[in-house]
Every structure is written in C-alpha cells, then in structure tokens.
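In: need coordinates for the following:
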Amino acid sequence: MNLDNTIHLIGRIREEANKLIKKELKELGIDNLAPSHGDILSALFNYEELTKTEIAEKIHRDRSTVTTLVNKLLKLRLVDSKENPEDRRSNKIYLTKKGKELKTGFTKISEKLYKIQYKDITEEEREVFRKVLKKMYKNF
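Out: Below you'll find the predicted structure:
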C-alpha cells in the first residue's frame, strides 16, 4: 500500500488558515475569539436564530462543544438566548447588536481566505479538488 501525507497537508492547511483568521480578527480588534467561534457566528449570520442542537448540526460539531463555544459568546455579549416557543426545553440563540456588527469583518476575512486558498488554481482544478475532498470525507 502506498502511503502519502494528504491528511498531514490538510491539517497544515487548516493550521495556516486558522493563523490567518486569528491575525485578521486581531486586526479588527477581536482577539478573544477562536476560529471555531466563527462557525457559530456564521451560522447565525445566515439563520438569525437557532437552538444549540441546530447549530451543532449546521457546523458539524458535538452539542457539548457548541454549548461551551456559545457560553463564551454569551459572556462576550455577541449572542443572547431566549426561550424556544416551539420547545420550552431549549433556547434559541441569536446575535446581539454587537454580534451583528461583526458580519462585515467576517465577510472580509472569508473573502481573503478564499482568494488565498485558490490563488493560481483554475476553476476546473477547484471543481476537481472539491469533488475529491467530498469523496474523502464520505469515506470516513
């Protein structure tokens, strides 16, 4: 069997992307968030309000991990919660005014990441790359 370092490379790419995200957040004056908090904020930018279970499904994380991340966002007053009218056993998480103000910065960071990751890569290569990555993901 031939072995290669594909998984290692994917991990290194993720590390570099996270470094860039942290640097860009710091430039926006946000130095107390991790890239994983961005997943939750991005989900809320798109869906406005979600339960923790819905967030976990959208960002593909365990609910316990989401709870920890949301608690930090609550402390930072970037999100708030309210009773879920459909199920009183859960709460809906939503962005505060302060949280909504981050959307422009997050969009700029996402655009910068996209430009860097696909620099000198043709659209055809992008399509093949995404297709192969999806197949690899399904394999697991």
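
In: which one's the longest helix in the chain?
Out: The longest helix of the chain (DSSP state H) is helix 6-27.

In: go through that one and flag the buried ones.
Out: Within helix 6-27, the residues scored as buried using 16 or more other CB atoms under 10 Å are L20, I21, E24, L25. Every C-beta, even on glycine, is put in place using the N, C-alpha and C of the backbone.

In: next helix or strand past it?
Out: Sequence order places helix 35-47 as the next helix or strand after helix 6-27, per DSSP states H and E.

In: I'd like the average pLDDT over that next one.
Out: For helix 35-47, mean pLDDT rounds to 93.

In: can you tell me which residues contact Y47?
Out: Listed by CB atoms under 8 Å, 6 or more residues apart in numbering, the contact partners of Y47 are E54, K58.

In: how does it look with 7 Å?
Out: Going by CB atoms under 7 Å, 6 or more residues apart in numbering, Y47 touches no other residue.

In: which stretches of this protein have low pLDDT?
Out: Residues of the chain meeting the criterion pLDDT under 70: 1.
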